[in-house]
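Asks: A structural model of the following input is requested.
(one chain, ligands or ions: 1)
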Amino acid sequence: MHINPTELEFYHTHGYMIMKNLFSLEELQHLAQIYERRWIDLIRNGGIVQNVEYPLESIYPRIGNYHRYNDDVLRFVLDSRLVGTLQEMIGEDPLALQSVYYYKPPSSRGLYLHQDNHEIFAFPDTCYTAWVSLDRADATNGGLYVAPGSHNLDLLTPRQVDPAQSLYHYTNDLPEGYRLEYLETEPGDAVFFSGNLLHGSLENTSDYRFRRAFAVHYVRTSVEMVTMYRNELYNRHGEKVRRKFNRNRVTEPR
Ligand SMILES: O=C(O)CCC(=O)C(=O)O
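Replies: Residues are numbered from 1 along each chain as shown. Prediction:
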């Protein structure tokens, strides 16, 4: 068992839950080292180029889907502390869809309020995120915030925002009756949340503190359609599973 009934109830009520100390510092250091090497390669081969408008953020961009090329990252993505917890949360084995490593150096933009399933459009149901803190994350260095209970909402229609303000160019307004909760996490903590939960992250306003995190998005094994990476879903054995491209949506997000 990975979660107890109180944690499960918290998740069902609020749409997210924090599992403390899920990963050791050694494990986090190993993951960070893999991405350091990847970063050096990207810098060396021109895959990362500095943009003077965002001098730090541009040399530490988000690194997506490296689990497809690195077995240690794939093992992390399929670690039973992530997929086992999700399995107990949703009552079904999850498939891993995508991973994102964040450096989030000082002065990085945040991500305005959004729902992950707006992009992924897992159908039926939604997608799920496991977000692992590598550094302490709080309101100063770009921590996460969530709107508790908003996972019960359908997909909402986002509006476009000024790209200079948010890393994700869409945002949702906070619906009436909801409030924002600003999360604080320590290295090794993991936040699990529903793909319909309204959430975002703050700008990193600290002087010198990176806010590294590793986020993985999952869908249910019974998912019928996803708009992204339909040939790149991994089950817990590391085998690829194929799902349809969602060209003719059965339901349209409102
Ligand atoms: O880590 C962040 O800054 C944002 C993460 C997030 O919003 C997501 O993974 O959907």
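Asks: contact partners for residue 202?
Replies: Contact partners of residue 202, counting by CB atoms under 8 Å, 6 or more residues apart in numbering, are 110, 139, 142, 143, 145, 182. Where C-beta positions appear, they are placed from N, C-alpha and C, glycine not excepted.
Asks: ok, now with 6 Å
Replies: For residue 202, the contact set (CB atoms under 6 Å, 6 or more residues apart in numbering) comprises 110, 142.
Asks: which SSE is residue 28 in?
Replies: For residue 28, the host element (DSSP states H and E) is helix 25-44.
Asks: would you map the helices across the stretch 51-200 of the chain?
Replies: 55-59, 71-77, 80-90, 117-120 (DSSP state H, counting those that start in this stretch).
Asks: now render those helices as a markdown table, adding mean pLDDT.
Replies: A markdown table is the format used below for the helices of the stretch 51-200 of the chain (pLDDT from 0 to 100):
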| stretch | mean pLDDT |
| --- | --- |
| helix 55-59 | 95 |
| helix 71-77 | 98 |
| helix 80-90 | 97 |
| helix 117-120 | 93 |
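Asks: out of the ones you listed, nearest to the ligand?
Replies: Nearest of the helices of the stretch 51-200 of the chain to the ligand, taken as CB to the nearest ligand atom: helix 117-120 at 9.0 Å.
Asks: got the buried residues for the closest one?
Replies: Under the neighbour-count criterion of 16 or more other CB atoms under 10 Å, helix 117-120 has 117, 118, 119, 120 buried.
Asks: for whatever residue of the stretch 151-254 of the chain ends up closest to the ligand, list each beta-bridge partner.
Replies: Nearest residue of the stretch 151-254 of the chain to the ligand: residue 201, at 3.1 Å (CB to the nearest ligand atom). For residue 201, the beta-bridge partners under DSSP bridges are residue 111, residue 144.
Asks: what residues does the stretch 151-254 of the chain have near the ligand?
Replies: Counting by CB under 6 Å from any ligand atom, the stretch 151-254 of the chain comes close to the ligand at 199, 200, 201, 213, 215.
Asks: what's around the third one, how many residues?
Replies: By the criterion of other CB atoms under 10 Å, residue 201 has 27 neighbours.
Asks: so it sits against residue 110, correct?
Replies: Yes. At 4.7 Å, residue 201 and residue 110 qualify as touching, with contact defined as CB atoms under 6 Å.
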